[in-house]
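Enquirer: Mind looking at a prediction? Sequence and model below.
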Amino acid sequence: MPVFTFSGKNASGAKVAGERVAENKQVLKAALARERISTVTIKEKGKEFAFPTLGSSKVPVKDVAIFFRQFSVMIDAGLPLVQCLEILAANQENPAFQKTLTGVRTTVEGGATLSAAMKQYPKVFDDLTVNMIDAGETGGILDLILQRLAQYVEKAVKLKAAVKSALIYPVAVISMAVIIVGCLLKFVVPIFSNLFASLQVSLPLPTRIVIGLSDAVGKFWWVAFVLAIGSVISVKQIKKHPQGRVVWDAMLLKLPVFGMVLRKIAVARFSRTLGTLLTSGVSILEALTITAKTSGNAVLEQALMKVRKAIEEGRTIIDPLKECGVFPNMVCQMIGVGEATGAMDAMLQKIADFYEDEVDAATKDMLALLEPILIAFLGVAVGGIVISLYMPLFSMISKLSG
């Protein structure tokens, strides 16, 4: 039998490493899981070198949603857990997801719970999924939890698509405008500049400005690429720092039109995540922690952690929600009513439904507002350059005709 080297962490979080004899990697992984060792790497001695696998290593969110939906149907039909995972892995087209599901099945076969098996793949199954699966296994309602997870992921995909649709049009128009104006300044304006120089024509101010811009683009065009790359790197570095993330996200939320849409998206995601967790039986403190980590906004994350601390101290949820200043007053009042009536999870789901519809409406309104503005910007930029170039020609023609 082959010898494998492994590294990982035990139940207390300490790093462990060593060598074991096993039939294959899956068997060794299952054996280590029974010992509560979370493996990081397993390599067969003498065969450490491996060619990289072709294809994407990322698992699309849509595939995860379909998996949860199919999984819930199979569990509801009474199929054994391991058989469900085996069938779903075999029918999975994405190689990375197929490998993940095979690993989950092997770990479950080794005696681990489904939530513990999924916890080994944090890039595919986040804390929200693991905690909900754990609650479903404990309460014996795994099929219902999987249905809720499928609904949650589908709603999240829809929300993300709404954001992308809001960004595609303005980004496309602005990019087109920059490319057109750059080409005009780089290739067209110099032709007119040489013509005017040969004719020794006195140039009006707009024409001189355009020719000056053209000369600058011709000499320093590389500066634009350096600035663009520098801006991207700077933003990434800012977002890596905790305080930088807070400043960046706060700035985005304060943008004139787009900030309002981002705020509604944040409220919708918060309500959907917290409501789904509470409905699945996760405690309020644990649910707030998971919701904060998966919020995608540093300002909201800080606010939710303050709310969690206040609840831990014995306060009701409505007061700290109002104090953080992130959530609209209507949302705070509805959550307060839900808390008082013992139906906070249902109230949060209603808030999420309302704000997801609001995001759709706000996105359409924003596009309707931006469309004429962007078209006007493109027309002014291109038309201004063209008119400024023809102004000296009009002057020449009028003099010749006179």
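Expert: Now that the structure is in, tell me what you want to look at.

Enquirer: Lys15 contacts Ser7, correct?
Expert: Yes: here Lys15 lies in contact with Ser7, judged by C-beta atoms under 8 Å, at a distance of 7.1 Å. Just so you know, the C-beta spots here come from the backbone N, C-alpha and C atoms, and that holds for glycine as well.

Enquirer: And the two? Which one has more around it.
Expert: The neighbour comparison of Lys15 against Ser7 (other C-beta atoms under 10 Å) goes to Ser7, with 14 against 9.

Enquirer: Ramachandran angles for the more buried one?
Expert: Backbone torsions of Ser7, given as degrees, to the nearest 10, read phi -140, psi 150.

Enquirer: what pLDDT does it get?
Expert: In this prediction, Ser7 carries a pLDDT score of 82.

Enquirer: And the closest residue to it other than its chain neighbours, how far from Asp357?
Expert: Nearest non-adjacent residue to Ser7, counting by C-beta to C-beta, 6 or more residues apart in numbering: Ala17, 4.2 Å away. Here Ala17 is placed at a distance of 52 Å from Asp357 (C-beta to C-beta, to the nearest Å).

Enquirer: and what of Asp126?
Expert: Distance of Asp126 to Asp357, given as C-beta to C-beta: 26 Å.

Enquirer: one step back: isn't there a strand covering the residue nearest to Ser7?
Expert: Yes: according to DSSP: H, G, I helix; E, B strand; the rest coil, Ala17 belongs to a strand.

Enquirer: quick one, what contacts it?
Expert: Residues near Ala17 by C-beta atoms under 8 Å, 6 or more residues apart in numbering: Thr5, Phe6, Ser7, Gly8.

Enquirer: List the buried residues in the helix or strand that contains the last one.
Expert: Put plainly, it is Gly8. Per DSSP states H and E, Gly8 falls inside strand 3-9. Residues Phe4, Phe6, Gly8 are the ones in strand 3-9 that count as buried (16 or more other C-beta atoms under 10 Å).

Enquirer: Same check on stretch 373-383?
Expert: Using 16+ other C-beta under 10 Å as the test for burial, stretch 373-383 gives Leu374, Leu378.

Enquirer: Which residues does that stretch contact?
Expert: Applying C-beta under 8 Å, 6+ apart, the contact partners of stretch 373-383 are Tyr169, Pro170, Val173, Ile174, Met176, Ala177, Ile180, Val181, Leu184.

Enquirer: can we see that at 10 Å?
Expert: By C-beta atoms under 10 Å, 6 or more residues apart in numbering, the surrounding residues in contact with stretch 373-383 are 169-170, 172-174, 176-178, 180-181, 184, 257, 367, 370.

Enquirer: now that stretch, how far from the chain's geometric center?
Expert: Centroid separation for stretch 373-383 versus its chain: 31 Å, with C-alpha atoms, centre = their mean, to the nearest Å.

Enquirer: what about dumping the CA coordinates of that stretch to PDB?
Expert: C-alpha atoms of stretch 373-383 as PDB (Å, rounded to 0.1, in the frame of the first residue of the first chain):
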ATOM      1  CA  ILE A 373     -26.600  61.700 -19.600                       C
ATOM      2  CA  LEU A 374     -24.100  59.300 -21.000                       C
ATOM      3  CA  ILE A 375     -25.300  59.800 -24.600                       C
ATOM      4  CA  ALA A 376     -25.000  63.600 -24.100                       C
ATOM      5  CA  PHE A 377     -21.500  63.100 -22.700                       C
ATOM      6  CA  LEU A 378     -20.400  61.100 -25.700                       C
ATOM      7  CA  GLY A 379     -22.000  63.500 -28.100                       C
ATOM      8  CA  VAL A 380     -20.400  66.600 -26.400                       C
ATOM      9  CA  ALA A 381     -16.900  64.900 -26.200                       C
ATOM     10  CA  VAL A 382     -16.800  63.700 -29.900                       C
ATOM     11  CA  GLY A 383     -18.800  66.600 -31.300                       C
END
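
Enquirer: Wait, a strand at Gly296?
Expert: No: Gly296 is assigned coil when assessed by three-state DSSP, not a strand.

Enquirer: Now do the one helix or strand Gly103 maps to, average pLDDT.
Expert: Per DSSP H and E: Gly103 is located in helix 95-109. Taken as a whole, helix 95-109 has a mean pLDDT of 89.

Enquirer: After it, which helix or strand is next?
Expert: Following helix 95-109 in sequence, per DSSP H and E, is helix 114-119.

Enquirer: what's in contact with that next one?
Expert: Residues from elsewhere that reach helix 114-119 (C-beta under 10 Å, 6+ apart): 29-30, 33, 36, 38, 71, 81-82, 84-85, 100-101, 103-110, 112-113, 124-127, 129-138, 142, 146.
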